[in-house]
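# following is a predicted model, sequence given first.
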Amino acid sequence: MKRFFTGLTDPGLLRPVNQDDYFIDPKGRFFIVADGMGGHAGGQEASRIATQAIQTYLNDGWESEEPSKTLLENAFLKANHEILQDQSKHPERADMGTTAVAVMFREDQSWCAHIGDSRLYRLRGAKLHQITEDHTWVARAMKSGDLTSDQARIHPWRHILSKCLGREDVKQVDVQSFDLEPKDRLLLCSDGLTEELSDQIIASHLKTIRACDRAALALVNAAKDRGGRDNITVVIVAFDESNLS
């Protein structure tokens, strides 16, 4: 299937600095979104280190015999190691960390890895499916039945992460394969998008706006129209034979 893709990041309306980062492999082999935290310099640095480390590891190991699942997990673990090294060299950034979500297409399979609450969605027809599961306190509470989805959206602890890159206890990363069909669309995004827009609104924009760059801009602008309280980053990958550029 032919791939069309684009990415866009915006600081939003309230944050003076953009701590998000993203990377799109020019060959369309893999895509990364990261959302940093830990002060202005720390958050920016953590997300930058993560995207750089992941894309470098994937590039260097692409032709190796390392299984795809292991390759992707090790790329995230390498990013975690490099953030920890930077923390040790720069004590002023000791509390920095970052979420990350990545998609990789290798050996005729589709893979994703994530840590934190940056998400991967797949749009198929009119149905939007969240492939990743947030590593947050509220996500665990919803899974156990202690919170409803409506309660989770406004809960004061909704931003508390249970996992992120930049922590000593990160020993493994959630990696999974997933299926794709012609005309599917993938959306990688930071929580600056999902904090402002419901899944229904996201699905509507992805479905009705075919050109990837215009869909990305529409999503970012919609999030800003609803408050834009955080940095907003989106990467869209579309699978179609028609021209979506």
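All right, it came through fine. Residues are numbered from 1 along each chain as shown.
# quick one: low-confidence ranges for this structure?
40, 141-143, 145-158, 241-245 (pLDDT under 70).
# which strand is the longest one in it?
Longest strand in the chain, counting residues (DSSP state E): strand 97-106.
# CA atoms only for the helix or strand just after that strand, dumped as PDB, please.
Using DSSP states H and E, the helix or strand that directly follows strand 97-106 along the chain is strand 109-115. The C-alpha trace of strand 109-115 is given here as PDB (Å, rounded to 0.1, in the frame of the first residue of the first chain):
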ATOM      1  CA  GLN A 109       4.600  -6.000   9.400                       C
ATOM      2  CA  SER A 110       3.300  -3.000  11.300                       C
ATOM      3  CA  TRP A 111       4.600  -2.400  14.800                       C
ATOM      4  CA  CYS A 112       4.100   0.200  17.500                       C
ATOM      5  CA  ALA A 113       5.800   0.900  20.800                       C
ATOM      6  CA  HIS A 114       4.900   3.400  23.400                       C
ATOM      7  CA  ILE A 115       5.500   4.700  26.900                       C
END
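# neighbours of Ser110, how many?
Neighbour count for Ser110, taken as other Cβ atoms under 10 Å: 20. Any C-beta I mention is one placed from the backbone N, CA and C, and that applies to glycine too.
# bridging residues for Asp10?
Ile232 (DSSP bridges).
# when you give positions from now on, start the count at 5
Fine by me, first position is 5 from now on; the one you just mentioned is Asp14.
# count the residues that sit near it.
Neighbours of Asp14 under the rule other Cβ under 10 Å: 21.
# test my guess that it contacts Ile236.
Yes: with contact defined as Cβ atoms under 8 Å, Asp14 reaches Ile236; the gap is 4.8 Å.
# before we move on, back to that, quick one, the longest strand of the chain and strand 113-119 angle?
Per axes from the mean of the first three to the mean of the last three Cα atoms, to 10 degrees, the angle that strand 101-110 makes with strand 113-119 is 180 degrees.
# who does the host helix or strand of Phe27 pair up with?
Using DSSP H and E, Phe27 maps to strand 24-28. Using DSSP bridges, the strands paired with strand 24-28 are strand 34-41 (antiparallel).
# could you point out the helix or strand that follows the strand it pairs with?
According to DSSP H and E, the helix or strand after strand 34-41 is helix 44-65.
# from the chain's centre, how far out does that next one sit?
With Cα atoms, centre = their mean, to the nearest Å as the basis, helix 44-65 stands 13 Å off its chain's centre.
# packing partners of it?
Helix 44-65 sits against strand 24-28, strand 34-41, helix 72-93, strand 101-110, with contacts defined as 3 or more Cβ pairs under 8 Å, 6 or more residues apart in numbering; DSSP states H and E.
# mind giving me TSV with these and columns for mean neighbour count and distance to Leu201?
Putting these into TSV (neighbours: other Cβ atoms under 10 Å; distance: least, Cβ to Cβ, whole Å) gives the following:
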stretch	mean neighbour count	distance to Leu201
strand 24-28	23	16
strand 34-41	28	16
helix 72-93	19	26
strand 101-110	26	17
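# dump the ones you listed to JSON lines, plus distance to Lys131.
Output for the helices and strands packed on helix 44-65, formatted as JSON lines (distance: least, Cβ to Cβ, whole Å):
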{"stretch": "strand 24-28", "distance to Lys131": "25"}
{"stretch": "strand 34-41", "distance to Lys131": "21"}
{"stretch": "helix 72-93", "distance to Lys131": "26"}
{"stretch": "strand 101-110", "distance to Lys131": "19"}
